[in-house]
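Colleague: Requesting a structural model of the entry that follows:
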Amino acid sequence: CPNCRCDACQPCVTRWMRDRHIAESERRKDEGTRIHYAIKQWVLTGYWIPVDPDIQAYIDSFKAFVVEYGLLPTDWELAEARVVNRTYGYAGTLDGALWFHRDRSQAAFDLMDRLTPDGAERVQKALILVDYKSREKEDRAVFSDMPLQLAAYRHAEVLVLADGTEVPMLDVDAAAIIQVRPDKTTVELVLAEEPEFATFLSILAGDEWAQERGKRAVGAR
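Modeller: This next block holds a predicted model:
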């Protein structure tokens, strides 16, 4: 029933679920874009821009996170920087890389302890590659595919500056998801090392195969 609008039969319910999923995905994507933009403007200028009421709680949460860890805009080495790896044929835009300092706050002190190997001298500061993830629910949730994205950024070959100049990718100490929720913003350390990068490359290779050869593979003989 392509023209039916009874909202009760299976085709109608299927269509409603599809359309609702698309609408919710677009809404969350738009919220995330505006949250990222507000954070970037603070990093670049030191001032918070006015934001829409629907994302105000997220921005307030991020402001509290900044205070909790004693962060300043100048702690950001990178903010929404373009990265490229020509060897493996990918590029992307990372959210940021920032310095955390042990002596700034108790939260920063505890974070540095988590980065200090057993028996090693205490880490005093660390440059951490971060990806902001906004989450509507008020509970922590980091999914297993998120470290793969950070591994790809971390293993990029070059950074592309605003004027188009390319410089070597920064050597960072760790990677983390900065999860921005309405109730709280948290730092979730993740692994973004060689095994994660190898997994990312395998997925990339699978996607390239599907795009270039997969459609011809069936019935080729």
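
Colleague: separation between the closest residue to Cys4 other than its chain neighbours and Glu26?
Modeller: Once flanking residues are discounted, Cys4 sits nearest to Cys12: 5.7 Å by C-beta to C-beta, 6 or more residues apart in numbering. Heads up, the C-betas are built off the backbone N, CA and C, glycines and all. Cys12 is 21 Å from Glu26, where distance means C-beta to C-beta, to the nearest Å.

Colleague: More neighbours: the two, which one.
Modeller: Using other C-beta atoms under 10 Å as the criterion, Cys12 and Glu26 rank with Cys12 on top: 14 against 10.

Colleague: Would you confirm that the more buried one contacts Asn3?
Modeller: No - between Cys12 and Asn3 there is no contact under C-beta atoms under 8 Å: 10.4 Å.

Colleague: which element is the most centrally placed residue in the chain on?
Modeller: The chain has Asp131 as the residue nearest its centroid, 2.8 Å off, counting by C-alpha atoms, centre = their mean. Taking DSSP states H and E as the definition, Asp131 sits inside strand 125-134.

Colleague: Summarise which helices and strands that strand is packed against.
Modeller: helix 10-45, strand 90-101, helix 106-115, helix 146-154, strand 174-180 (3 or more C-beta pairs under 8 Å, 6 or more residues apart in numbering; DSSP states H and E).

Colleague: Now with 10 Å, please.
Modeller: helix 10-45, helix 53-68, strand 76-85, strand 90-101, helix 106-115, helix 146-154, strand 174-180, strand 185-190 (3 or more C-beta pairs under 10 Å, 6 or more residues apart in numbering; DSSP states H and E).

Colleague: Quick check: which ranges of the protein have low pLDDT?
Modeller: Scanning the chain for pLDDT under 70 picks out 1-2, 19-25, 27-28, 219-221.

Colleague: same thing but 90
Modeller: By pLDDT under 90, the low-scoring segments of the chain are 1-33, 117-121, 134-145, 162, 207-221.

Colleague: Identify the residues contacting the closest residue to Ala79 other than its chain neighbours.
Modeller: Nearest non-adjacent residue to Ala79, counting by C-beta to C-beta, 6+ apart: Val43, 4.5 Å away. By C-beta atoms under 10 Å, 6 or more residues apart in numbering, the contact list for Val43 reads 71-76, 78-80, 96, 98.

Colleague: filter the residues you listed to the buried ones?
Modeller: For these, a burial check counting by 16 or more other C-beta atoms under 10 Å picks out 71, 75-76, 78-80, 96, 98.

Colleague: For those residues, work out which two are farthest apart.
Modeller: Leu71 and Glu80 (16.7 Å; C-beta to C-beta).

Colleague: follow-up on the earlier one: find the nearest non-adjacent residue to the residue nearest to the centre of the chain, please.
Modeller: Among residues not flanking Asp131 along the chain, Asp95 sits closest, at 4.9 Å (C-beta to C-beta, 6+ apart).

Colleague: what about that neighbour, how many neighbours?
Modeller: 23.

Colleague: give me every residue that touches it.
Modeller: 36, 39-40, 76, 78-81, 129-133, 149-150, 153, 177-178.

Colleague: Recalculate using a threshold of 7 Å.
Modeller: Applying C-beta atoms under 7 Å, 6 or more residues apart in numbering, we find Asp95 in contact with 36, 80, 130-132.
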